[in-house]
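Colleague: What follows is a predicted structure for the sequence shown.
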Amino acid sequence: MVTIARKIGLLGGSFNPAHEGHRDISLAALSYLGVDEVWWLVAPQNPLKSSRDMAPFAIRLAEAKRVAAHPRIRVTDLEMRFGTRYTADTLKRLQHQFRAYRFVWLMGADNLAGMNAWKDWQQIFHLVPIAVFDRPTYTYRALAALAARRFACFRAREQAARTLVTSPPPAWTFVHHRLNPISATEIRRKRKWGETGWRAAGPAAPR
């Protein structure tokens, strides 16, 4: 009997907070890439972001589960359990623990634009295939970025996206899909995390 490996899309981040843009990328991955599931890897703390306005991990995890709302999108605390801070280390742990699975890393074009700031970013390309999803205003910046140029010869045609997850790395593609302008940064401009939870941002109330 032939065992078919499960194909899993991995979407990492602080999810501070999770929003419809995360969900749109996940649904696009299910459709364009043909993965069986998408796992959200909610990070305890993104090394490249400040912890000052970071909501507690449990709150971010619960909010991600509420937003995901799909039987094939699985919100996980794997990075918390692994004790990993960096994507490359998390990927190694996942490949060791789930040897029969095939993984593909999912990311927005905004992340590709600055990926060269990630720890061991070139190693990530050699660990798993990568699917980059277009984001408003980032298309050209992402494709002109160092990471895209360094691995240009390994870029697969978008029409071959469904075979990406089973392709030996390095392999990546750029997916054009419905663009969602929402971002966690914009949400945080409108809402601030405080002791009482998320609240509307604005001037402090008079005392």
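Modeller: Thanks, I have it.

Colleague: Check the gap between E63 and R72 for me.
Modeller: E63 sits 19 Å away from R72, going by C-beta to C-beta, to the nearest Å. Any C-beta I mention is one placed from the backbone N, CA and C, and that applies to glycine too.

Colleague: Name the residue in the two with the higher neighbour count.
Modeller: Legend: neighbour count by other C-beta atoms under 10 Å for E63 and R72, higher for E63 (19 against 14).

Colleague: For the helix or strand containing that one, the averaged confidence score.
Modeller: In this assignment (DSSP states H and E), E63 forms part of helix 57-68. Averaging pLDDT along helix 57-68 gives 96.

Colleague: who's in contact with whichever helix or strand comes after it?
Modeller: Sequence-wise, the next helix or strand downstream of helix 57-68 (DSSP H and E) is strand 73-76. Residues outside strand 73-76 that contact it (C-beta atoms under 8 Å, 6 or more residues apart in numbering): R23, S26, E37, V38, W39, W40, L41, V42, L61, A64, K65, A68.

Colleague: want to throw the residues you listed into JSON lines with neighbour count and distance to K92?
Modeller: JSON lines is the format used below for the contacts of strand 73-76 (neighbours: other C-beta atoms under 10 Å; distance: C-beta to C-beta, whole Å):
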{"residue": "R23", "neighbour count": "21", "distance to K92": "27"}
{"residue": "S26", "neighbour count": "25", "distance to K92": "23"}
{"residue": "E37", "neighbour count": "18", "distance to K92": "20"}
{"residue": "V38", "neighbour count": "26", "distance to K92": "20"}
{"residue": "W39", "neighbour count": "22", "distance to K92": "16"}
{"residue": "W40", "neighbour count": "26", "distance to K92": "19"}
{"residue": "L41", "neighbour count": "23", "distance to K92": "13"}
{"residue": "V42", "neighbour count": "26", "distance to K92": "19"}
{"residue": "L61", "neighbour count": "20", "distance to K92": "23"}
{"residue": "A64", "neighbour count": "24", "distance to K92": "23"}
{"residue": "K65", "neighbour count": "16", "distance to K92": "26"}
{"residue": "A68", "neighbour count": "20", "distance to K92": "25"}
